[in-house]
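> Next input, structure requested:
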Amino acid sequence: MTAEVTIHPFEKIGGHLLDAVRAAIEDRFGLRTEIGEELAAPAHAYSRERGQYLSSPFLDLLAERARGENQILLGVTSVDLYTPELNFVFGEASSAGHVAVFSLARLYSTTGAEKGREKMVEQRAVGKCPTKVSTFRTDTPAARVGR
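Okay, here's the model as predicted:
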């Protein structure tokens, strides 16, 4: 049975960006992908000290929605994410839970001028940007990037 991907936006994420992420997943991995319901960012994940959200509660929230082994849930958020070991992360994944989340916050903060900003963020989100930067944490220590 082929895996299916459901993309859940956390808070407001532009439909064009979600469609670009959906299309990139379908093109690159050949997986049926749909846009799921909008979810609220977990309030308990917010750190006032840091002004950021801990990424693991996003994974927990997605894992609660999982319907089976052949479903992958991807969260997309515009809030800034971190893990205790790192100043920030672009995202985090759990292969055991078949869930992942990635943040657009740092993509927006490095795009420069307003003109063309949305297009640049879209390109970076789907991996079409010539400047590749990766700080995406997984649950496998050997796979951690950005240290």
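
> which residue ends up closest to the midpoint of the protein in space?
When C-alpha atoms, centre = their mean is applied to the chain, the residue found nearest the centroid is Phe102 (1.7 Å).

> Just the element for it, please.
Assigned by DSSP states H and E, Phe102 falls within strand 99-103.

> any idea how far the residue nearest to the centre of the chain is from Ser55?
Applying C-beta to C-beta, to the nearest Å, the value for Phe102 to Ser55 is 9 Å. From N, CA and C alone the C-beta is placed, and that goes for glycine too.

> now the strands for the chain?
4-10, 32-35, 46-47, 52-54, 71-77, 81-83, 86-89, 91-94, 99-103, 136-138 (DSSP state E).

> Residues in contact with both of Phe102 and Ser55, list them for me.
Both Phe102 and Ser55 are in contact with Gly91, where contact means C-beta atoms under 8 Å, 6 or more residues apart in numbering.

> Strand partners (parallel or antiparallel) of the strand holding Phe102?
Sheet partners assigned to strand 99-103 using DSSP bridges are listed as strand 71-77 (parallel), strand 91-94 (antiparallel).

> distance between the last one and the chain's centre?
I take that to be strand 91-94. From the chain centre to the centre of strand 91-94 is a distance of 8 Å (C-alpha atoms, centre = their mean, to the nearest Å).

> Any regions of the protein where pLDDT drops low?
Where the chain drops to pLDDT under 70, the residues are 1-2, 108-147.

> Show me what counts as buried in the longest helix seen in it.
In the chain, ranked by residue count with DSSP state H as the criterion, the top helix is helix 15-29. Neighbour-count burial for helix 15-29 flags Leu17, Leu18, Ala20, Val21, Arg22, Ala24, Ile25 (criterion: 16 or more other C-beta atoms under 10 Å).

> And for Phe90, the neighbour number?
The tally of other residues near Phe90 (other C-beta atoms under 10 Å) stands at 22.
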